[in-house]
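1. The following comprises the amino acid sequence and a computationally predicted model.
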Amino acid sequence: MQSPFGTPPLSDNIRAEARALGFGLVGIAGPDRSKHLAFYRRWLNEGYNGEMGYLARPDAVSRRGDLRGTMAQVRSVVVVGLDYLSEAGGEEPNDASVGVIARYARGRDYHSVVKMKLLDLAERIQAHIARPLMARAYVDTGPMLERDLAHRAGIGWFGKNTMLIHPRRGSWFFLGALLLDLEIEPDTPFPVDHCGTCTSCLDACPTGALLGRDDDGAPVMDARRCISYLTIEHRGPIPRELRSAIGNRIYGCDICQDVCPFNSPKLVEITKEPDLKARDHVDGQLLINLMEMDEVAWDNFSRGSALRRGKRAGFLRNVAVALGNWGSPAAVPALVRALGDGESLVRGHAAWALGRVGGSAAHAALSARLEVEVDSSVRAELELELDH
Ligand code: B12
Ligand code: SF4
Ligand code: SF4
């Protein structure tokens, strides 16, 4: 649409500025209430959020439905997508002795990368208007249904894997939202669901976390079963019945995106953002080396990265599970040392892993630890493994 003065409308300028900053996807949503809040509440009522209590805080739930609770003056939302894939294909090595870290966490922490760019975008938009602009930037940092906003801004549809998918870019992108006190013509919501009869993600999910679409067509996930939740958000012991399905995924999970035809290596965009490029030392490390990390090594390994969210104890818990799933006697020395770790979470999972590996050395280490162990949860793990 042309403005009366022959200059391009502000929305075109905003799109151009966003693209110039490297956002591969950009759309504009209005400030209206979300139509999906009732679904979100039902999802919480089922307990599918697990321990992610912040998702269920009553004040924050209503703010998810109505952006005005977050910024009273909001008139529009610029929604952006930033590609983060470092290489096309790059399938996980079929080698159970190394750890796999989800692609989103291999580069610098995306929260800061996307947020800085959104703040730059706000400055650039300011340069196009004569009055002071009010803007707030969010990247997973506020009570916002980011995928809902992206759908409303015409960026993509909700796949059965619950990801927001763009028809020509797949789903390897982060979302961010810039709330503005500026009225801009919104885009039309993304009109189609391109999943059709495909069920690849549902079939591939190793833990059965994806429950398919409900009667209204909303994709449902039981996050308590999702490997991403279990290895990042969940703080305590991983339920024993889910440990073997985790394989060698030690931080996050990409399986339901890897199998999606819209993420075919021929279609996807590789990130142009240097900060999001995978760091050399992060993915594909030998599990036995990772298991030896003390606090200093962990600090170096996770600095500046989204891996920090998991904390050392949670990360080594995941590594212990992966070593148990590898099941090689070569894992025994590292696991025996982990039985003496200062964190009970690590000791308990090391006990489970030694039980999976089996053999006389593992058995002797479990018995010796039981003699001195004082933590009841670790004792329970040791006893279960010795009973086997
Ligand atoms: C909590 C959370 C998680 C949880 C729960 C995930 C989930 N599927 O709900 C866990 C820890 C498991 C997780 C995992 C991952 N996450 Co996450 N996560 C979030 C977070 C913070 C909130 C999501 C949420 O509210 N979930 C609750 C569900 C109910 O809400 P929803 O997914 O928006 O579902 C909507 C639809 O169901 C829709 N709906 C309702 N009714 C209807 C009806 C119809 C017909 C339709 C079509 C839709 C529809 O409305 C719902 C509400 O908006 C968002 C950031 C944010 N603030 O939004 C990032 C976010 C979704 N995560 C992201 C990423 C990258 C991941 C991982 C890929 C990381 C990894 N590799 O391990 C995995 C992917 C797993 C997966 N298949 O989803 C990106 C996704 C980008 C994208 N392209 O979609 C986000 C947007 C973060 C960001 N800023 O980029 N995540
Ligand atoms: S991220 Fe992994 S565990 Fe979670 S739903 Fe997708 S395939 Fe299942
Ligand atoms: S794998 Fe198939 S069903 Fe799942 S999100 Fe992709 S297209 Fe949809």
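-> Perfect, I can see it now. Ligands and ions are numbered 1, 2, ... in the order given.
2. Could you use CA atoms for every contact and neighbour count after this?
-> OK.
3. Do a quick rundown of the helices in the stretch 101-250 of the chain.
-> Using DSSP state H, counting those that start in this stretch, the helices of the stretch 101-250 of the chain run over residues 110-126, 146-152, 200-204, 227-228, 240-243.
4. Point out where the protein drops to low pLDDT.
-> Scanning the chain with the threshold set as pLDDT under 70 gives 1-7, 89-93.
5. Could you tell me which residues of it lie near ligand 1?
-> Residues of the chain lying near ligand 1 by CA under 6 Å from any ligand atom: 36, 39-40, 43, 102, 104, 139-140, 144-148, 158, 161-165, 171-176, 216-219, 221, 223, 226, 228-229, 233, 252-254.
6. quick one on the thing from earlier: rebuild the helices of the stretch 101-250 of the chain as JSON lines, extending it with distance to Glu17.
-> As requested, those are arranged in JSON lines below (distance: least, CA to CA, whole Å):
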{"stretch": "helix 110-126", "distance to Glu17": "7"}
{"stretch": "helix 146-152", "distance to Glu17": "18"}
{"stretch": "helix 200-204", "distance to Glu17": "35"}
{"stretch": "helix 227-228", "distance to Glu17": "33"}
{"stretch": "helix 240-243", "distance to Glu17": "45"}
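7. Among those helices, which comes closest to ligand 3?
-> Nearest of the helices of the stretch 101-250 of the chain to ligand 3, taken as CA to the nearest ligand atom: helix 200-204 at 4.2 Å.
8. Run through who's touching the closest one.
-> Residues from elsewhere that reach helix 200-204 (CA atoms under 8 Å, 6 or more residues apart in numbering): 160-161, 208, 210-212, 255-257, 259-260.
9. can you list the helices of the stretch 101-250 of the chain in JSON lines and add distance to ligand 3?
-> What follows is the helices of the stretch 101-250 of the chain, written out as JSON lines (distance: least, CA to the nearest ligand atom, whole Å):
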{"stretch": "helix 110-126", "distance to ligand 3": "23"}
{"stretch": "helix 146-152", "distance to ligand 3": "14"}
{"stretch": "helix 200-204", "distance to ligand 3": "4"}
{"stretch": "helix 227-228", "distance to ligand 3": "17"}
{"stretch": "helix 240-243", "distance to ligand 3": "22"}
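10. can you list the ones you listed in CSV and add mean neighbour count?
-> CSV is the format used below for those (neighbours: other CA atoms under 10 Å):
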stretch, mean neighbour count
helix 110-126, 18
helix 146-152, 24
helix 200-204, 17
helix 227-228, 24
helix 240-243, 14
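11. picking that back up, can you tell me which of the residues of the chain next to ligand 1 are buried?
-> By neighbour count, with 16 or more other CA atoms under 10 Å, the residues of the chain next to ligand 1 hold 40, 43, 102, 104, 139-140, 144-148, 158, 161-165, 171-176, 219, 221, 223, 226, 228-229, 233, 252-254 as buried.
12. give me every residue that touches the one residue in the stretch 1-150 of the chain that gets nearest to ligand 2.
-> Scanning the stretch 1-150 of the chain for the residue nearest ligand 2 gives Ala102, at 9.1 Å (criterion: CA to the nearest ligand atom). If you count contacts by CA under 8 Å, 6+ apart, Ala102 has them with 249, 251-254.
13. 10 Å instead, please
-> Contact partners of Ala102, counting by CA atoms under 10 Å, 6 or more residues apart in numbering, are 92, 228, 249-255, 283, 307.
14. for Arg168, same thing?
-> Residues in contact with Arg168 (CA under 10 Å, 6+ apart) are 156, 262-264, 267-269.
15. so can I have a markdown table of those residues showing secondary structure and distance to ligand 3?
-> Compiled in a markdown table, these are given as follows (DSSP: H, G, I helix; E, B strand; the rest coil; distance: CA to the nearest ligand atom, whole Å):
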| residue | secondary structure | distance to ligand 3 |
| --- | --- | --- |
| Gly156 | coil | 11 |
| Phe262 | helix | 6 |
| Asn263 | helix | 8 |
| Ser264 | coil | 10 |
| Leu267 | coil | 13 |
| Val268 | coil | 13 |
| Glu269 | coil | 16 |
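16. Could you work out the most separated pair of those residues?
-> Using CA to CA, the pair of these lying farthest apart is Gly156 and Ser264, separated by 16.3 Å.
17. quick one: which of these two has more around it?
-> Counting neighbours by other CA atoms under 10 Å for Gly156 and for Ser264 shows that Gly156 has the greater number, 28 against 16.
18. partner residues bridging the closest residue to the more buried one other than its chain neighbours?
-> Spatial nearest neighbour of Gly156, chain neighbours left out: His166 (4.4 Å); criterion: CA to CA, 6 or more residues apart in numbering. On the basis of DSSP bridges, His166 is bridged to Gly170.
19. Could you pull up the residues touching His166?
-> His166 sits next to 25, 81, 151, 154-159, 172-173, 190, 194, 262-263, 268 when contact means CA under 10 Å, 6+ apart.
20. if we go to 8 Å?
-> Here His166 is in contact with 155-157, 262 (criterion: CA under 8 Å, 6+ apart).
21. do the same with Gly348
-> Counting by CA under 8 Å, 6+ apart, Gly348 touches 237, 339, 377-379, 381-382.
22. what residues go with each domain of this protein?
-> Domain assignment of the chain by automatic domain parsing yields the ranges 10-87+107-180, 286-388.
23. Quick check: Asp193 touching Gly159?
-> Yes. Applying CA atoms under 8 Å, one finds Asp193 in contact with Gly159, separated by 7.4 Å.
24. Pick out whichever of these two has more residues nearby.
-> Between Asp193 and Gly159, counted using other CA under 10 Å, Gly159 has the larger neighbour count: 23 against 14.
25. And the more buried one, how far from Ala96?
-> Using CA to CA, to the nearest Å, Gly159 is found at 29 Å from Ala96.
26. Equivalent analysis for Ala331, please.
-> Counting by CA to CA, the gap from Ala331 to Ala96 is 11 Å.
27. again with Gly47
-> 32 Å.
28. higher neighbour count, those two?
-> When Gly47 and Ala96 are compared for neighbours, Ala96 comes out ahead with 20 against 15, by other CA under 10 Å.
29. quick one: contacts for that one?
-> For Ala96, the contact set (CA under 8 Å, 6+ apart) comprises 247-248, 322, 325-326.
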